[in-house]
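Asks: Coordinates for the following, if possible.
(2 chains)
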Amino acid sequence: MTKQEWWEKYPKQEERMTRFSTVSDMEVEPLYTPEDANGGDYERDIGMPGEYPYTRGVYPSMYRSKLWTMRQFAGFGTPEDTNQRFKFLLAEGQTGLSTAFDMPVLMGYDADHPRALGEVGREGVSVSTLDDMERLFDDIPLDKVTTSMTVNCSASVILAMYFAMAQKRGIPLSKVGGTIQNDILKEYIAQKEWICPPEPGVRVVTDMIEFCARAVPRWHAVSISGYHIREAGSTAVQELAFTLADGIGYVQAAVERGLEVDEFAPRLSFFFDLHNDFFEEIAKLRAARRMWAKIMKERFGAKNSRSWLLRTHAQTAGVSLTAQQPFNNVVRVAIQALAGVLGGVQSLHTNSMDETLALPTEQAVMVALRTQQIIAEESGVTNIIDPLGGSWAIEALTDRMEKDAVAYIDRIDELGGIIRAIDIGYPQKEIADAAYRYQQQLDAGEKAIVGVNKYVLPEERPMEILKIAQDVERHQVERIRRVKRERNQTEVREQLGRVHAVARNGQNLMPVLIDAVKSYCTLGEISDVYRDVFGVYRDPAWL
Amino acid sequence: MAEEKVLRILVAKAGLDGHDRGAKIIARALRDAGFEVIYTGLHQTPEMIAEAAVQEDVDAVGLSILSGAHMTLFPAVISALKERGAEDVAVFGGGIVPQDDISLLKQAGVKEVFTPGISTQAIADWIRQNIQPRAGV
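Replies: Model prediction:
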């Protein structure tokens, strides 16, 4: 029987809904068969794990050799508070660190700036100077544990602090490993924490890519992030397309700087969201690997096979968590994390059940970490590489994701590249439209969220949540004032003058930043230099 | 009979928080529900928001805060409105705000705080029932 013949007999009128679509509103068929392979060529389109185009995974033996890195994002309060949480996570079997900074850090303000009022240590850890950084990583072996740091417009300053700290401890930069998010393009598109406009923003990112490629070979200088794009309301296809378009933007900028593509591309890394729709997410990750391999090989002419690999961190979708019946979130996170593992990620954060209420408690974080450990140690899914490869549904969805994402990237190329597209608000408006469409579907009950618009409880039992101590802000303000009082003021003035000069003359900023933070120039002071030299970006406030 | 005045609502993002998905959805939904909506854009100080509320002659300010800074920013917006003689502009809001804090914010003069999962229709209905047009200036 052909699919067509089967379809003619199919009882369409008995279906529960008039239309079946993913959480991204991509309509899916009831059944996929070999006919949906569209004459696909196994060697060309799918191939073996560890072989071009890497649809089945970036490494030949995947989780049979090495499990993904279990990396829980953590940060709140004072550096000491977060240092304690880091040690708890390492003691519980976590294998890498991931740092959340507070809003003032993310926008380039010190703890004592008037705009920081009320925000210090609330949504991440407060860091203004090298002194804070040293307390944050106190007793943590920087040459053994890899650290990821989520910071973007002020990433150059935070990275300079991390490197300065390593040097002060006598650890050569060649031994320091980790990742800094440093994806400024997606800030304009989705997360919206910025200092200066996109062009100088990308220049600073390129400085870091160049510096790390030459001096810190184990460091990932940028983590090209779809996570925030998705959380801002995009579809899975938009997440895929805009993330890879941002990646193209960075590679282009580095090549224009005069770097050889194979000199830096092996250290580019990615970060994707893991949303509710199980098959869609697996297809997205598989399509991402295949697309990036083709982009690097065909578009940029990369010759080193390591340049073709899309290695990615992933995080379960914060936006999918519900404040209602929060224990249900444990189940959502488990399903999303499983999609990540079946999609072949290299590193994973699982959200805690209480994160829609506040930053997570230790207890909630432990359940989230245990979720990964159960998938890794009990479920058996790690025994077989890309076990869903060859599923007609998964391969058809992977093809579909690629085709639709390529169409978006073509459109961005037509507009003149990603910076130009951001200038006219193209990705921003596409995302806002998708987010609004989804909300309308929720309000109309076309999409279900258990506990929110279906199976609602008349009364909710409150859950214990983490409270950030009220005195964190006062404490951090006092500390930065003390550091500012006690440092060598002449040296600070000289160092800031050098940062200013290099920001203007276009040389690489990283060496002068490392010197400047060692003299206790603050994150806010250096960000002020950027504001002065590069200008300040303002929200175009498109609706 | 006087023609019913269309309510004017300022949807505002205060502080350093860049999460604007909710604010933009609410702004669009309220506009589609027939209100006149002005959106401030991101990273506004309480003074900027109060100033915009006065300039735009709005009946209410809807603040979106997901950064945990709500206990600082809501009261600051209320007092900035008061300083400009606009204490009759109603302030409501939404975001990640724990229940205990909602009670405290209501005591401080915030009319309502919506938390995740609320439908846009419910917010529009609440505005119709609870926000009156300000007396003419």
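
Asks: what sits against the residue lying closest to residue A:301 once chain neighbours are set aside?
Replies: Among residues not flanking residue A:301 along the chain, residue A:261 sits closest, at 6.7 Å (Cβ to Cβ, 6 or more residues apart in numbering or on different chains). Any C-beta I mention is one placed from the backbone N, CA and C, and that applies to glycine too. Taking Cβ atoms under 8 Å, 6 or more residues apart in numbering or on different chains as the criterion, residue A:261 is in contact with A:251, A:254-255, A:296, A:300-302, A:307.

Asks: So among the residues you listed, which ones count as buried?
Replies: Neighbour counting over the contacts of residue A:261 (16 or more other Cβ atoms under 10 Å in any protein chain shown) leaves A:251, A:254-255, A:296, A:300, A:302, A:307 as the buried ones.

Asks: how much space between the nearest residue to residue A:57 once chain neighbours are set aside and chain B?
Replies: For residue A:57, the nearest residue in space outside its immediate sequence neighbours is residue A:49; the separation is 3.8 Å by Cβ to Cβ, 6+ apart. With distances defined as Cβ to the nearest Cβ, to the nearest Å, the gap from residue A:49 to chain B amounts to 36 Å.

Asks: and what of residue A:173?
Replies: In this structure, residue A:173 and chain B are separated by 31 Å, where distance is defined by Cβ to the nearest Cβ.

Asks: so what's that residue up against?
Replies: Residue A:173 neighbours (Cβ under 8 Å, 6+ apart): A:163, A:166-167, A:215-216.

Asks: what's the nearest residue to it if we skip its chain neighbours?
Replies: The shortest distance from residue A:173 to any residue other than its chain neighbours is 4.7 Å, reached at residue A:216 (Cβ to Cβ, 6+ apart).

Asks: Where does the stretch 251-400 of chain A get nearest to chain B, residue-wise?
Replies: Sorted by distance to chain B under Cβ to the nearest Cβ, the residues of the stretch 251-400 of chain A start with residue A:323, at 4.9 Å.

Asks: Just the element for that residue, please.
Replies: Assessed by DSSP states H and E, residue A:323 sits outside every helix and strand.

Asks: Next: residue A:348.
Replies: Assessed by DSSP H and E, residue A:348 sits inside strand A:347-349.

Asks: Contacts for that strand, please.
Replies: The list of residues contacting strand A:347-349 from outside it, by Cβ under 8 Å, 6+ apart, reads A:68-73, A:96, A:98, A:148, A:312-316, A:337, A:340-341, A:372.

Asks: now stretch B:50-58: mean pLDDT?
Replies: Stretch B:50-58 shows an average pLDDT of 97 in the prediction.

Asks: Buried ones in that stretch, by neighbour count?
Replies: B:50-54, B:58.

Asks: CA atoms only: put that stretch into CSV for me.
Replies: Output in CSV follows, covering the C-alpha atoms of stretch B:50-58 (Å, rounded to 0.1, in the frame of the first residue of the first chain):
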residue,chain,number,x,y,z
ALA,B,50,6.4,58.7,35.4
GLU,B,51,7.4,61.4,33.0
ALA,B,52,6.0,59.4,30.0
ALA,B,53,2.8,58.7,32.0
VAL,B,54,2.3,62.5,32.5
GLN,B,55,3.3,63.4,28.9
GLU,B,56,1.0,60.8,27.4
ASP,B,57,-1.8,61.6,29.8
VAL,B,58,-2.4,57.9,30.6
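
Asks: Contacts made by it with the rest, please.
Replies: Counting by Cβ under 8 Å, 6+ apart, residues outside stretch B:50-58 touching it are B:8-10, B:12, B:38, B:40, B:44, B:61, B:77, B:80-81, B:83-84, B:86, B:89, B:134, B:137.

Asks: Can you flag the buried ones in these?
Replies: B:8-10, B:12, B:38, B:40, B:44, B:61, B:77, B:80-81, B:86, B:89, B:134.

Asks: and stretch A:514-525, how far out from the chain's middle?
Replies: Between the centre of stretch A:514-525 and the centre of its host chain there is 26 Å, according to Cα atoms, centre = their mean, to the nearest Å.

Asks: swap in stretch A:307-323?
Replies: Put simply, stretch A:307-323 sits 7 Å off its chain's centre (Cα atoms, centre = their mean).

Asks: mind checking the end-to-end distance for it?
Replies: Taking Cα to Cα, to the nearest Å, the first and last residues of stretch A:307-323 lie 42 Å apart.

Asks: Is chain A within reach of stretch B:121-130?
Replies: Yes. For a cut-off given as Cβ under 8 Å from any Cβ of the partner chain, stretch B:121-130 has contacts with chain A, namely residue B:121.

Asks: Need the residues that contact the helix or strand just after the strand holding residue A:348.
Replies: Later in the chain than strand A:347-349, the nearest helix or strand by DSSP H and E is helix A:362-377. Counting by Cβ under 8 Å, 6+ apart, the neighbours of helix A:362-377 from elsewhere in the structure are A:63, A:67-68, A:70, A:72, A:74, A:85, A:88-89, A:92-94, A:330, A:333-334, A:337-338, A:341, A:348, A:350-355, A:360, A:381-382, A:464.

Asks: related to what we said a few turns ago, now the buried members of the contacts of strand A:347-349.
Replies: Among the contacts of strand A:347-349, those classed as buried by neighbour count (16+ other Cβ under 10 Å) are A:68-73, A:96, A:98, A:148, A:312-316, A:337, A:340-341, A:372.

Asks: Which of these fall within helices?
Replies: Of these, the ones assigned to helices by DSSP state H are A:337, A:340-341, A:372.

Asks: Let's have those in a markdown table, adding pLDDT.
Replies: Listed next are those as a markdown table, based on pLDDT from 0 to 100:
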| residue | pLDDT |
| --- | --- |
| A:337 | 98 |
| A:340 | 98 |
| A:341 | 98 |
| A:372 | 98 |
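
Asks: now for those residues, which pair is the farthest apart?
Replies: In terms of Cβ to Cβ, these reach their longest pairwise distance at A:340 and A:372, which sit 9.2 Å apart.

Asks: Identify the contacts common to the two.
Replies: By the contact definition Cβ under 8 Å, 6+ apart, residue A:340 and residue A:372 are jointly contacted by A:68, A:348.

Asks: Show me which residues of chain B are close to chain A?
Replies: Counting by Cβ under 8 Å from any Cβ, chain B comes close to chain A at B:15-21, B:24-25, B:27-29, B:31, B:39-43, B:45, B:67-69, B:71-73, B:76, B:96, B:98-99, B:115-117, B:119-121.

Asks: Try it again at 6 Å.
Replies: If contacts are counted using Cβ under 6 Å from any Cβ of the partner chain, the residues of chain B sitting beside chain A are B:15-16, B:18, B:21, B:24-25, B:27-28, B:39, B:41-42, B:67-69, B:72, B:115-117, B:119-121.

Asks: Can you say which of those are buried?
Replies: The neighbour-count test (16+ other Cβ under 10 Å) marks B:15-16, B:18, B:21, B:24-25, B:27-28, B:39, B:41-42, B:67-69, B:72, B:115-117, B:119-120 as buried among the residues of chain B next to chain A.

Asks: Among those, name the ones in helices.
Replies: The members of these that map onto helices under DSSP H are B:21, B:24-25, B:27-28, B:72, B:120.

Asks: of all the residues you listed, which comes closest to chain A?
Replies: Taking Cβ to the nearest Cβ as the measure, chain A sits nearest to residue B:72 out of these, at 2.6 Å.

Asks: where's the nearest residue in space to that closest one that is not next to it in sequence, which helix or strand?
Replies: Take residue B:72 and drop its neighbours on the chain: the residue closest to it by Cβ to Cβ, 6+ apart is residue A:118, 2.6 Å away. With elements taken from DSSP H and E, nothing contains residue A:118; it lies in neither a helix nor a strand.

Asks: how much space between residue A:118 and residue A:416?
Replies: If you measure residue A:118 against residue A:416 using Cβ to Cβ, to the nearest Å, the figure is 40 Å.

Asks: Mind checking which of these two has more residues around it?
Replies: residue A:118 (23 against 11; other Cβ atoms under 10 Å in any protein chain shown).

Asks: Look at that one and report its pLDDT.
Replies: Confidence for residue A:118, expressed as pLDDT, is 91.
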